[in-house]
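K.L.:
3D model of this:
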Amino acid sequence: MMLTGLLCGALLGFVMQRGRFCLTGGFRDMYLTKDNRMFYALLIAISIQSIGVFALIQAGLIEFSAGAFPWVATILGSFIFGIGIILAGGCATGTWYRAGEGLIGSWIALFGYMAMSATMKTGALAPVNNGIKKLDAPVNSIPETFGLSVWPFIAILVVLTAFLAIRQLRKPKVAIPAMKAKRSGLNHLLFEKRWHPFFTAVLVGLIALLAWPLSEATGRMSGLGITTPSANLLQYLVTGDSDKFVNWGMFLVLGIFVGSFIAAKGSREFRFRAPDAKTAVSSFIGGILMGFGASWAGGCSIGNGLVMTAMMTWQGWVSLAFMILGTWTASYFVYVRPRAKTKANPSAALRTSTT
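P.N.:
Numbers count the residues shown, from 1 in each chain. Alright, predicted model coming up:
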């Protein structure tokens, strides 16, 4: 049963690598270039998962409890996580699949992320992690807050997503030069052809839906999740306690790495790339902030931004909003402000680059 986590993760890693499904870049581009395509793609994945999961719940095939809403931890943690993913160059899932491509910087960020997540959950910072979560609201479910069925909220999400996606598809397309195809058939479609973000989002949504029954079959009552499984992997390597830390989620994150590696090798995009010292330090700091923030928030861009949003929880949607705000704040200091200084004083920037 747990090996289904490896399969589910491999599918997710393969699809994300080939579709370049990067939420960090998507959130950043919303601010820097006013490009909302990846955000709309995320809404598509959320919508597909939400319809499917609540249909399974209504059929009595799976169970879900939204629990309480630790609003302080969610707000602060998500904002910190958003800053971290800009410094790390990728979110939690993006870091896993880029590690599978051979990016050493992602390996560095991944180590910081895993180490801090483990420290927050069962290590020296566990009191810090658990203490702030005591500040919560009793109801996390948005429909329960208003005393309504979940389906009107899902309908609103689907209609809004369809409107935004159709409007995006109707925009004039920018011609992107493409090299002549060297492969044909399925080989071309899987490893060479550029995937549209919306097509990738449909696949991600279906995989996220598949994760629920596969995970619950092992006793893990949840869908996709990255932070706790990543921490569990490091905790298992350190303690050797398989009963406590080896689970479906741990196989999931390992599968993401495997699937990404297969996709990168098949598309000839795999190669080891070492960062410079500045990027390596930034990646490590970003990974630390990712682990800290995601632990506080109760999830990363997948756990909160994709799964808990689909479950129509306050935690998911509030987390998504502050995660985006965190990426925009970091993007200002990392990209916008330096460019503005360079533009204002180009001679100083030239002297700096030549010394």
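K.L.:
Looks like Val158 contacts Gln49 (just checking).
P.N.:
No - taking Cβ atoms under 8 Å as the definition, Val158 is not a contact partner of Gln49, at 11.6 Å. In this view, the C-beta of every residue, glycine as well, is placed from N, C-alpha and C.
K.L.:
Look at those two and report which has more neighbours.
P.N.:
Each of Val158 and Gln49 has its neighbours counted (other Cβ atoms under 10 Å); Gln49 has more, 26 against 17.
K.L.:
Against which helices or strands is the helix or strand where the more buried one lies packed?
P.N.:
Gln49 is part of helix 37-58, with elements assigned from DSSP states H and E. Judged by 3 or more Cβ pairs under 8 Å, 6 or more residues apart in numbering; DSSP states H and E, the packing partners of helix 37-58 are helix 23-32, helix 151-169, helix 197-216, helix 309-310.
K.L.:
Format the ones you listed as a markdown table; extra columns: distance to Tyr332.
P.N.:
Shown next, in a markdown table, are the helices and strands packed on helix 37-58 (distance: least, Cβ to Cβ, whole Å):
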| stretch | distance to Tyr332 |
| --- | --- |
| helix 23-32 | 8 |
| helix 151-169 | 25 |
| helix 197-216 | 24 |
| helix 309-310 | 25 |
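K.L.:
Would you agree Pro213 is in contact with Gly60?
P.N.:
No - Pro213 lies out of contact with Gly60 (Cβ under 8 Å); the separation is 11.9 Å.
K.L.:
who's more crowded, these two?
P.N.:
Each of Pro213 and Gly60 had its neighbours counted (other Cβ under 10 Å), and the higher figure belongs to Pro213 (15 against 7).
K.L.:
what about Gly26, neighbour count?
P.N.:
The burial count for Gly26: 23, using other Cβ under 10 Å.
K.L.:
Poorly predicted segments of the stretch 101-250 of the chain, please.
P.N.:
174-179 (pLDDT under 70).
K.L.:
ok, now with 50
P.N.:
Nowhere does the stretch 101-250 of the chain drop to pLDDT under 50.
K.L.:
Just confirm Val139 is within a helix.
P.N.:
No - secondary structure assignment places Val139 outside any helix; it is coil (DSSP: H, G, I helix; E, B strand; the rest coil).
K.L.:
so what's it closest to, chain neighbours aside?
P.N.:
Distances taken as Cβ to Cβ, 6 or more residues apart in numbering put Thr145 closest to Val139, at 5.3 Å, once the chain neighbours are dropped.
K.L.:
Need the residues that contact the host helix or strand of the one you found.
P.N.:
Assigned by DSSP H and E, Thr145 falls within helix 142-146. Around helix 142-146, the neighbours that count as contacts under Cβ atoms under 8 Å, 6 or more residues apart in numbering are 66, 139, 149-150, 152-153, 312-314, 317.
K.L.:
Show me where the chain has its strands.
P.N.:
With DSSP state E, there are no strands along the chain.
K.L.:
hmm, back to that, tell me how far the residue nearest to Val139 lies from Ala217.
P.N.:
Note on Thr145: its distance to Ala217, by Cβ to Cβ, to the nearest Å, is 31 Å.
K.L.:
Compare the two (neighbour count), which wins?
P.N.:
Set side by side, Thr145 and Ala217 give different neighbour counts by other Cβ under 10 Å, the larger being at Thr145 (16 against 13).
K.L.:
any idea how far Met312 is from that one?
P.N.:
10 Å.
K.L.:
One more: Gly259?
P.N.:
Look at Gly259 and Met312: by Cβ to Cβ, they are 29 Å apart.
K.L.:
again with Phe64
P.N.:
10 Å.
K.L.:
the more surrounded of the two?
P.N.:
Set side by side, Phe64 and Met312 give different neighbour counts by other Cβ under 10 Å, the larger being at Met312 (24 against 17).
K.L.:
Please tell me I have it right and Ser271 contacts Gly102.
P.N.:
Actually, residue 271 is Arg rather than Ser. Yes - judged on Cβ under 8 Å, Arg271 makes contact with Gly102 at a distance of 5.2 Å.
K.L.:
Comparing those two, which residue is more hemmed in?
P.N.:
The residue with more neighbours, out of Arg271 and Gly102 and counting by other Cβ under 10 Å, is Gly102; that gives 18 against 9.
K.L.:
The stretch 151-300 of the chain: helices as residue ranges?
P.N.:
When assigned using DSSP state H, counting those that start in this stretch, the helices of the stretch 151-300 of the chain occupy the ranges 151-169, 185-191, 197-216, 227-239, 242-245, 248-266, 277-297.
K.L.:
what's the fifth one packed up against?
P.N.:
For helix 242-245, the packing partners by 3+ Cβ pairs under 8 Å, 6+ apart come out as helix 227-239.
K.L.:
swap in the last one?
P.N.:
Under the contact definition 3+ Cβ pairs under 8 Å, 6+ apart, helix 277-297 sits against helix 71-88, helix 92-99, helix 104-122, helix 126-132, helix 227-239, helix 314-331.
K.L.:
Now the fifth one: buried residues?
P.N.:
Of the residues in helix 227-239, those scored as buried under the neighbour-count criterion (16 or more other Cβ atoms under 10 Å) are 227-236.
K.L.:
by contact count, what packs against it?
P.N.:
Taking 3+ Cβ pairs under 8 Å, 6+ apart as the contact definition, the neighbouring helices and strands of helix 227-239 are helix 92-99, helix 104-122, helix 242-245, helix 248-266, helix 277-297.
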